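In: sequence first, predicted model second:
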Amino acid sequence: MFDALSERLHATLANLTGRGRVTEADVDTAMREVRLALLEADVNFKVVKDFVARVRERAIGADILESLTAGQQVVSIVNEELTSLLSAGDRTFHLQGTPAVVMLAGLQGSGKTTSAAKLASHVIKQGRRPMLVAADPYRPAAADQLETLGRQLDVPVYRAAAGTSVVDIARGSLDAARRQSRDVVILDTAGRLSLDKALMREIADVAAAVTPVESLLVVDAMTGQEAVSVAQAFAASVPLTGLVLTKIDGDARGGAALSISAVTGLPVKFLGTGEKTDALEPFHPDRLAGRILGMGDVLTLVERAQDAFDEKQAAKMEEKLAKASFTLEDMLESMQQMQKMGPIGQVVSMIPGMGSMAKDAQAAVDRGELARTEAIIRAMTPRERRDPAVLNGSRRRRIAAGSGTSLTDVNRLVKQFGEMQKMMKQLSGMSRRGGAAGLLGRR
């Protein structure tokens, strides 16, 4: 979502960091570019104006302009102010109560039902026992979808008889949760195609009846500034505690995600990063700011890796890398694990210094290059995967035919893997001669 904004800001700020000392004119030029980049990303005009004014005021201080690392300090100020912009309200996800009631509200199509299932998956990881509630009596497909998602997660779904009011559905779900020893109730309420008084009154009645500890507005981040207007309208009628921004992995400009908290004062608590039930991240302003500015997001990357990688497999892979005994079989295994971490573009953008390569990495996947690599390795025998040296001309032709690729594709992969093995041997040799400390000592 933030690719275009990230590229523009990264290029603008790179000009500053390369200069060392900067002048007030340099800062003004950079701020003009930052302002244009944010406006083009559909960030609220007032938010942009205030943001740029704060950065400029801090950046033209005498202690900054006279510093030998002024450019780096200005980038640091932009990072801090961007983090501050995203940091409104209490982002803690509260689960007090027996059961704890979480109510989701929002317009139809915003992703409420999927977000309800994602939240259930999230609280299961915390050791809780959730129940999903189909509190949308107007659209049977919503309840059917919730039941399908509930079965995937092995989570019960409370569904009342036709004609039951939304308030009675909510009350009945609490009794059912207590009977089944469920300690979290997640209400998937009805949406509308547009804002209307009946919707607001209904959600307010549900909130008054069951007193949710969290009332979260689910907002489609791809709707731009309309998302901000929707959040303002809901907040005026319902006591909201926070926001869930969905479709953050989409290709919209992302301005709503940067504006919504600053305009409404509501904290963003979760980001929906994909379609699967595990594609939900707690929102960390500093991490998103780092991603947008191309600084990476190592903490989220580590958390995803911990979820995706088996501990024993990771230890085994580490040992193989240390001994430079990494094979094509290991490469296939690591590729499969990497795919569990989410879209490759997202993963690459979290690696510091590699944000600019994220789009190319995702494009490579979209072109099918990863799938071709996997097909080629799968077409090999176990011996060929462990020892590519045995791959003569006839074997390579057989692999190309078996994988539905060309001989050129097979040769390219074998060559790339050979170069990777050489690099690993060099790194392994450096490690044995003193590791990171040795490298630092020789620098």
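Out: That came through fine. Residues are numbered from 1 along each chain as shown.
In: and stretch 193-200, how far out from the chain's middle?
Out: 30 Å (CA atoms, centre = their mean, to the nearest Å).
In: which residues are contacting that stretch?
Out: The contact list for stretch 193-200 (CB atoms under 8 Å, 6 or more residues apart in numbering) reads 107-109, 190-192, 230, 233-234, 237-238. All C-beta atoms are positioned from the backbone trio N, CA, C, and that covers glycine.
In: from those residues, pick the one nearest Thr381.
Out: The closest of these to Thr381 turns out to be Gly109 (CB to CB; 49.4 Å).
In: with respect to Gly402, which of the contacts of stretch 193-200 is nearest?
Out: For those, the nearest to Gly402 is Gly109 (44.0 Å; CB to CB).
In: I'd say the closest one and Val219 touch.
Out: No: contact criterion CB atoms under 8 Å: Gly109 and Val219 do not qualify, at 11.1 Å.
In: who has more neighbours, those two?
Out: Per other CB atoms under 10 Å, whichever of Gly109 and Val219 has more neighbours is Val219, with 30 against 12.
In: what sits opposite the more buried one in the beta ladder?
Out: Note on Val219: beta-bridge partners by DSSP bridges are Leu245.
In: wait, it sits on Gly106?
Out: Yes: shown here, Val219 and Gly106 form a contact pair, counting by CB under 8 Å, at 6.4 Å.
In: shared neighbours of the two, anything?
Out: Common contacts of Val219 and Gly106 (CB under 8 Å, 6+ apart): Val230.
In: just to revisit the earlier point, in helices, which of the contacts of stretch 193-200 appear?
Out: Residues of the contacts of stretch 193-200 located in helices (DSSP state H): 230, 233-234, 237.
In: just those now: which is nearest Arg128?
Out: Among the ones in helices among the contacts of stretch 193-200, and counting by CB to CB, the member closest to Arg128 is Phe234, at 26.0 Å.
In: quick one, what contacts the closest one?
Out: Phe234 sits next to 105-106, 195, 200, 203, 217, 240 when contact means CB under 8 Å, 6+ apart.
In: what's the most distant pair in the residues you listed?
Out: Farthest pair in the contacts of Phe234, by CB to CB: Leu195 and Leu240, 14.1 Å.
In: which one's more surrounded, the two?
Out: The neighbour count for Leu195 versus Leu240, taken as other CB under 10 Å, is higher for Leu240 (22 against 13).
In: how near is the more buried one to Leu104?
Out: Leu240 sits 11 Å away from Leu104, taking CB to CB, to the nearest Å as the criterion.
In: and for the two, which residues touch both?
Out: Residues within reach of Leu240 and of Leu104 at once, by CB under 8 Å, 6+ apart, are Leu216.
In: okay, which residue is most central for the protein?
Out: For the chain, Thr273 is the residue whose C-alpha lies nearest the centre (CA atoms, centre = their mean; 4.4 Å).
In: pLDDT value on it, please?
Out: At Thr273, the predicted lDDT confidence score is 82.
In: and it, what are its phi and psi?
Out: phi -110, psi 10 (degrees, to the nearest 10).
In: so it makes contact with Leu280?
Out: Yes: Thr273 is within contact range of Leu280, at 7.1 Å (criterion: CB under 8 Å).
In: ok, back up a step: now render the ones in helices among the contacts of stretch 193-200 as JSON lines, adding pLDDT and distance to Ala371.
Out: JSON lines is the format used below for these (pLDDT from 0 to 100; distance: CB to CB, whole Å):
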{"residue": "Val230", "pLDDT": "84", "distance to Ala371": "38"}
{"residue": "Ala233", "pLDDT": "84", "distance to Ala371": "44"}
{"residue": "Phe234", "pLDDT": "86", "distance to Ala371": "42"}
{"residue": "Ser237", "pLDDT": "82", "distance to Ala371": "48"}
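In: the residue located most distally from the centre of the chain: which element?
Out: Distance from the centre of the chain peaks at Ser394, with 44.5 Å (CA atoms, centre = their mean). For Ser394, the host element (DSSP states H and E) is helix 393-403.
In: chain center to that helix: distance?
Out: Helix 393-403 sits 39 Å away from the centroid of its parent chain (CA atoms, centre = their mean).
In: which residues in the stretch 251-400 of the chain form helices?
Out: 255-264, 285-292, 298-308, 311-322, 328-339, 344-349, 358-366, 369-378, 382-386, 393-403 (DSSP state H, counting those that start in this stretch).
In: give me the low-pLDDT residue ranges for the stretch 51-200 of the chain?
Out: By pLDDT under 70, the low-scoring segments of the stretch 51-200 of the chain are 62, 65-66, 68-69.
In: where do the strands sit along it?
Out: 100-105, 130-135, 157-158, 184-189 (DSSP state E, counting those that start in this stretch).
In: mind putting these in CSV, distance to Ser84 and mean neighbour count included?
Out: Converted to CSV, these look like this (distance: least, CB to CB, whole Å; neighbours: other CB atoms under 10 Å):
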stretch, distance to Ser84, mean neighbour count
strand 100-105, 27, 26
strand 130-135, 33, 28
strand 157-158, 40, 24
strand 184-189, 31, 28
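In: can you lay out those as TSV showing distance to Met380?
Out: TSV is the format used below for these (distance: least, CB to CB, whole Å):
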stretch	distance to Met380
strand 100-105	48
strand 130-135	44
strand 157-158	45
strand 184-189	46
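In: quick one: which of these is nearest Pro388?
Out: The nearest among these, by CB to CB, is strand 130-135 at 48.0 Å.
In: now, the most widely separated pair of the contacts of stretch 193-200?
Out: Gly109 and Ser237 (19.7 Å).
In: quick one: common contacting residues for Gly109 and Val219?
Out: Joint contacts of Gly109 and Val219 (CB under 8 Å, 6+ apart) do not exist.
In: the nearest residue in space to Val55 that is not next to it in sequence: neighbouring residues, count only.
Out: Nearest non-adjacent residue to Val55, counting by CB to CB, 6 or more residues apart in numbering: Glu81, 5.1 Å away. As a burial measure, Glu81 scores 19 neighbours (other CB under 10 Å).
In: you'd agree Glu81 is up against Val52?
Out: No: in this structure, Glu81 is not within contact of Val52 by CB under 8 Å, at 9.1 Å.
In: and the gap between Lys46 and Pro99?
Out: Lys46 is 40 Å from Pro99, by CB to CB.
In: the residue nearest to Ser165 when sequence neighbours are not counted and Ala160, how far apart?
Out: Nearest non-adjacent residue to Ser165, counting by CB to CB, 6+ apart: Pro137, 7.5 Å away. Using CB to CB, we find Pro137 at a distance of 7 Å from Ala160.
In: between these two, which contacts overlap?
Out: Ile169.
In: about what we covered before: quick check: the residue nearest to Ser165 vs Asp188, distance?
Out: Distance, Pro137 to Asp188, using CB to CB: 11 Å.
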